[in-house]
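Colleague: sequence first, predicted model second:
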Amino acid sequence: MPADGKLKAMDNTNFPGRYWSRLDDGRIQCDLCPRTCRLHDGQRGLCFVRAAGPDGMVLTTYGRSSGFCIDPIEKKPLNHFLPGTPVLSFGTAGCNLTCKFCQNWDISKAREIDRLNDSAAPEDIARAAQQTACRSVAFTYNDPVIFLEYAVDVAKACRSLGIKTVAVTAGYIQPEPAVEFYAHMDAANVDLKAFSERFYHSLCGGHLEAVKETLVYIKHHTRTWVEITTLLIPGENDSPAEIDALSRWVVEALGPDVPLHFSAFHPDWKMRDLPNTSLESLRQARAIAKANGVHHVYTGNVHDPDGASTWCTGCGGRLIGRDWCEMSAWNLVGEGACRVCGTRLPGLFEPVPGGWGSKRVPIRFEGKN
């Protein structure tokens, strides 16, 4: 970081994109996600940030962000990855899904590049994380898949300084770019938005199977720590039968140690006529998943200390107590063993937990495009 503490802004030159092919009719096909948008010169894909240029695909938001903020890692949410530590979070604009219930719609649905006022080179972000004592950098608020080139470069810069990287994503990506993307991610929280093709097609403009394939790939073919979040929407994806099918699949396809978060919906974007998810519905979903063999099931966006805490699968004791994002108990020794019975907790833990708590601190990167 410069001596004056100000981070140098990047210019807004379109950055060459990867994962595209030229069609016989001259159009460019984006091969990054399952949408495979076919574009004439100058057209943008549905995600809005990837566009067809005369020489191929370009990423229009490289080095540009809708804002930077230091968050608790538990807000991603990740409960088994460096608990209690701060994470430098940022996103860009756009999204490759069209979720009608989007909780970050002002960012992910943005269609104005001028919204991206903060900008920084990958090396500047890594140094900022280091100097603010963040243990990781999170690509979040909108899906990092669509700014893969920028995310990978930031991840490389972070790794050189010992900073971890986190992807908060819907997992809607093609197999080939997934190999590159997850090779550079230390952890991921994947939104498994529902467990029906009807839901994905009608409410998200996508397909369930592609997300399942991503989750299987991450779990069995990478070193990326993965947790899953499902936002429970009343009357849409919260039936006991769907929760039963989802949680059974998690155990059978991914294993019982992948943490599963059930999060509360609040009316937003194009679904403002539905009620908030009840605490009872979240607790019912948690009970079904636990009965099906998922070892670590959490409730989110509600005040539920038991549902936010981590419990030992050996002796049943509380390993990590949480009240929202505040840690209330720590009963681990070494790098993640139960203090009472010695059962190993899956994930990434350090002998001493972080003490960041629930604070959110905006970070301003000097300079505008």
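Modeller: Structure's in. What do you need? Numbering: from 1, shown residues only.
Colleague: so where's the chain uncertain?
Modeller: For the chain, the stretches with pLDDT under 70 are 1-13, 104-118, 269, 365-369.
Colleague: just the helices in it please.
Modeller: Taking DSSP state H as the test, the helices found in the chain are 105-108, 122-131, 148-160, 175-183, 197-199, 208-221, 240-249, 279-291, 305-308.
Colleague: adding distance to residue 27, write the ones you listed out as TSV.
Modeller: Bear in mind the C-beta positions are built from the backbone N, C-alpha and C, glycine included. Formatted as TSV, the helices of the chain follow (distance: least, C-beta to C-beta, whole Å):
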stretch	distance to residue 27
helix 105-108	26
helix 122-131	31
helix 148-160	21
helix 175-183	19
helix 197-199	28
helix 208-221	22
helix 240-249	37
helix 279-291	44
helix 305-308	48
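Colleague: so for residue 66, which of the ones you listed sits nearest?
Modeller: helix 105-108 (5.0 Å; C-beta to C-beta).
Colleague: now do the longest strand that the chain contains against helix 240-249, angle only.
Modeller: If you go by DSSP state E, the chain has its longest strand at strand 225-232. Note on geometry: by axes from the mean of the first three to the mean of the last three C-alpha atoms, to 10 degrees, strand 225-232 and helix 240-249 are set 170 degrees apart in direction.
Colleague: which one, of the helices of the chain, ends up nearest to residue 272?
Modeller: Comparing these against residue 272 with C-beta to C-beta, the closest turns out to be helix 105-108 (11.0 Å).
Colleague: in its sheet, what does the longest strand of the chain sit against?
Modeller: Here strand 225-232 is paired, per DSSP bridges, with strand 187-191 (parallel), strand 260-264 (parallel).
Colleague: my read: residue 256 touches residue 291, true?
Modeller: No - if you go by C-beta atoms under 8 Å, residue 256 and residue 291 don't touch, sitting 11.9 Å apart.
Colleague: ok so, going back, give me the contacts around the longest strand of the chain.
Modeller: For strand 225-232, contacts defined as C-beta atoms under 8 Å, 6 or more residues apart in numbering pick out 77-81, 101, 103, 186-194, 215, 218-219, 237-238, 246, 250, 254, 258-265, 277, 281-282, 285, 300, 347-348.
Colleague: and those, which of them are buried?
Modeller: 77-81, 101, 186-194, 215, 218-219, 237-238, 246, 250, 254, 258-265, 277, 281-282, 285, 300, 347-348 (16 or more other C-beta atoms under 10 Å).
Colleague: which parts of the stretch 51-200 of the chain are strands?
Modeller: Assigned by DSSP state E, counting those that start in this stretch, the strands in the stretch 51-200 of the chain fall at 56-59, 64-65, 67-72, 86-91, 118-119, 136-139, 164-169, 187-191.
Colleague: CA atoms of stretch 318-336 as PDB?
Modeller: Written as PDB, here are the backbone C-alpha positions of stretch 318-336 (Å, rounded to 0.1, in the frame of the first residue of the first chain):
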ATOM      1  CA  ARG A 318     -21.400 -27.500  22.300                       C
ATOM      2  CA  LEU A 319     -18.100 -26.900  20.500                       C
ATOM      3  CA  ILE A 320     -18.600 -23.300  19.200                       C
ATOM      4  CA  GLY A 321     -21.400 -21.200  20.800                       C
ATOM      5  CA  ARG A 322     -22.800 -18.400  18.600                       C
ATOM      6  CA  ASP A 323     -25.300 -15.700  19.200                       C
ATOM      7  CA  TRP A 324     -25.700 -14.200  15.800                       C
ATOM      8  CA  CYS A 325     -22.100 -13.600  14.800                       C
ATOM      9  CA  GLU A 326     -20.800 -13.200  18.300                       C
ATOM     10  CA  MET A 327     -18.900 -16.200  19.700                       C
ATOM     11  CA  SER A 328     -20.100 -17.300  23.100                       C
ATOM     12  CA  ALA A 329     -18.200 -20.500  23.600                       C
ATOM     13  CA  TRP A 330     -15.100 -22.200  22.300                       C
ATOM     14  CA  ASN A 331     -14.500 -25.800  23.300                       C
ATOM     15  CA  LEU A 332     -12.000 -26.900  20.700                       C
ATOM     16  CA  VAL A 333      -8.300 -27.700  21.300                       C
ATOM     17  CA  GLY A 334      -5.500 -27.900  18.800                       C
ATOM     18  CA  GLU A 335      -6.700 -27.500  15.200                       C
ATOM     19  CA  GLY A 336     -10.400 -28.500  15.700                       C
END
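Colleague: go through it and flag the buried ones.
Modeller: 318-322, 324-327, 330-332, 336.
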